[in-house]
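Engineer: my questions concern the predicted model and sequence given below.
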Amino acid sequence: MKLKISTIFIFFAIYSVLLESSLFAQQLIIKVGTLAPVGSIWYDLLNTNVKNINAKVGDKVKVIIYPGGVMGDEEEMIKKIRIGQLHVGAFTINGIKKIAPELGVLDLPILFKNYNEIDKIIEIFYGDFERFFEKRGFKLLLFAEQGFVYFYSKREDVSGFRDLGKTRVWAWKGERVMTEIAKLVGTSPIFLAVPDVLSGLESGMIESFQTSPVACLSLQWCKLVKVILDFPYRYEPGVIVMYKKIWDELPSDVTKAFESEMIKAKQEYNPAIRRTQEEAKAKLKEMGVKFVKPQDVDWLEKEVKDKLWFSQDSGYPHDFLRKILDELEKLRTKK
């Protein structure tokens with residue numbers, strides 16, 4: 001009888017050890033989705049962050065990036081985050097507005113004149129940005145940028161914004177700003193997901209589009225471009241966000257690893273992206289893309305201020321735009 005009890009005890013002791021080892025062997029996987037292709041500045045910066053976080057947390061957590069839209073367009077990635085198939089997203093303005101539409105105010109055409117204005121507005125309103133994401137169930141890890149956006153065309157006869165009206169212009173489906181700009185110039189946009197734009201350009205389905213110089217090169221769209229309208233007509237922010245439910249369940253040492261890495265990233269991202277944007281513009285010139293100074297900037301400014309900034313379907317509170325405009329006015333009057 002004693003032998004039987006001893007055998008049972010040993011069995012349960014071994015089982016407990018094995019169970020405990022199995023639990024500790026389980027690794028939490030955190031999946032990060034982004035449209036940024038491998039080799040782009042955004043992917044390289046994000047990949048560095050991920051490597052550093054993985055090194056800090058050891059075997060407890062493994063962070064994995066899914067680049068180049070392999071997890072779908074940004075709307076699809078947001079859906080996957082909400083059902084647990086993804087946990088973190090690095091988003092452009094399209095994804096940002098689908099989560100926190102208040103931030104659609106930041107990509108209004110002709111709003112910002114330079115990076116100094118952008119940096120000041122982000123500093124002043126960062127707490128608001130965090131709250132906008134949090135009330136939708138997301139933790140804002142990093143507010144970065146895509147940079148200033150330009151128009152490009154396969155057509156050599158495009159020399160101003162109104163000329164875009166005679167071309168087939170690309171837009172993300174549901175992207176308000178680009179849809180309204182297309183209307184202003186007298187055309188209807190062709191809606192395609194980002195991964196389909198290159199084939200759309202190659203087939204002639206689209207002829208003109210907007211993006212930053214680095215994105216244009218990284219996505220290979222600029223190999224088909226003849227003209228760039230040399231005026232940064234709008235600014236495009238970017239963010240890294242995690243689903244709040246996931247963040248709240250992470251061990252404290254893991255959240256500290258994320259926070260310390262994002263503090264570093266806040267200092268590194270935008271300067272690196274801005275340098276790379278200038279390098280990309282130089283590369284476009286080397287490729288023979290014609291830089292054309294549009295003569296109808298004043299016309300565009302009047303149109304977007306009259307018809308776009310305070311339109312009823314803006315998606316953002318008009319009083320929030322007024323607060324930003326007030327701060328911009330203060331900055332400009334100091335000069």
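Structural biologist: Ah, there it is.

Engineer: for residue 66, give me phi and psi.
Structural biologist: Phi and psi for residue 66, reported as degrees, to the nearest 10, are phi -120, psi 100.

Engineer: and what of residue 199?
Structural biologist: Main-chain dihedrals, residue 199, degrees, to the nearest 10: phi -70, psi -30.

Engineer: check contacts around it.
Structural biologist: By CB atoms under 8 Å, 6 or more residues apart in numbering, the contact list for residue 199 reads residue 205. Just so you know, the C-beta spots here come from the backbone N, C-alpha and C atoms, and that holds for glycine as well.

Engineer: and if you look at residue 79?
Structural biologist: Counting by CB under 8 Å, 6+ apart, residue 79 touches no other residue.

Engineer: show the secondary-structure elements that the helix ranked longest in the chain is packed against.
Structural biologist: In the chain, taking DSSP state H as the definition, the longest helix is helix 252-286. Contact here means 3 or more CB pairs under 8 Å, 6 or more residues apart in numbering; DSSP states H and E; on that basis helix 252-286 packs against helix 41-57, helix 115-134, strand 138-153, helix 213-218, strand 227-243.

Engineer: try it again with 6 Å
Structural biologist: Where contact means 3 or more CB pairs under 6 Å, 6 or more residues apart in numbering; DSSP states H and E, helix 252-286 is packed against helix 41-57, strand 138-153, helix 213-218.

Engineer: residue 86 is nearest to which of the ones you listed?
Structural biologist: The closest of the helices and strands packed on helix 252-286 to residue 86 is strand 138-153. By CB to CB, the value is 11.9 Å.

Engineer: so what strands line up beside that closest one?
Structural biologist: As defined by DSSP bridges, the strand partners of strand 138-153 come to strand 208-211 (antiparallel), strand 227-243 (antiparallel).

Engineer: okay, the angle between the last one and helix 41-57?
Structural biologist: For the pair strand 227-243 and helix 41-57, the angle between their directions (axes from the mean of the first three to the mean of the last three CA atoms, to 10 degrees) equals 20 degrees.

Engineer: could you list the buried residues of strand 227-243?
Structural biologist: Within strand 227-243, the residues that qualify as buried by neighbour count (16 or more other CB atoms under 10 Å) are 227-229, 231-243.

Engineer: circling back: so for residue 112, which of the helices and strands packed on helix 252-286 sits nearest?
Structural biologist: The nearest among the helices and strands packed on helix 252-286, by CB to CB, is strand 138-153 at 8.2 Å.

Engineer: could you dump that closest one to CSV, C-alpha only?
Structural biologist: Presented in CSV, the C-alpha positions along strand 138-153 are these (Å, rounded to 0.1, in the frame of the first residue of the first chain):
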residue,chain,number,x,y,z
PHE,A,138,-6.3,51.1,-28.9
LYS,A,139,-3.0,52.0,-27.1
LEU,A,140,-1.0,54.7,-29.0
LEU,A,141,2.6,53.5,-28.8
LEU,A,142,4.2,55.9,-31.3
PHE,A,143,3.1,58.9,-33.3
ALA,A,144,5.4,59.3,-36.3
GLU,A,145,4.8,60.2,-39.9
GLN,A,146,4.8,59.3,-43.6
GLY,A,147,5.8,62.8,-44.4
PHE,A,148,4.7,65.5,-46.9
VAL,A,149,2.7,64.2,-49.8
TYR,A,150,3.0,65.1,-53.5
PHE,A,151,1.1,64.3,-56.7
TYR,A,152,2.7,62.2,-59.4
SER,A,153,1.6,61.3,-62.9
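
Engineer: name the surrounding residues that touch it.
Structural biologist: Strand 138-153 has contacts (CB atoms under 6 Å, 6 or more residues apart in numbering) with 92, 99, 130, 133, 167, 207-210, 212, 225, 227-229, 232, 234-242, 244, 247, 262, 265, 269-270, 273, 277.

Engineer: how about TSV for the helices and strands packed on helix 252-286, with mean pLDDT added?
Structural biologist: TSV is the format used below for those (pLDDT from 0 to 100):
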stretch	mean pLDDT
helix 41-57	95
strand 138-153	96
helix 213-218	93
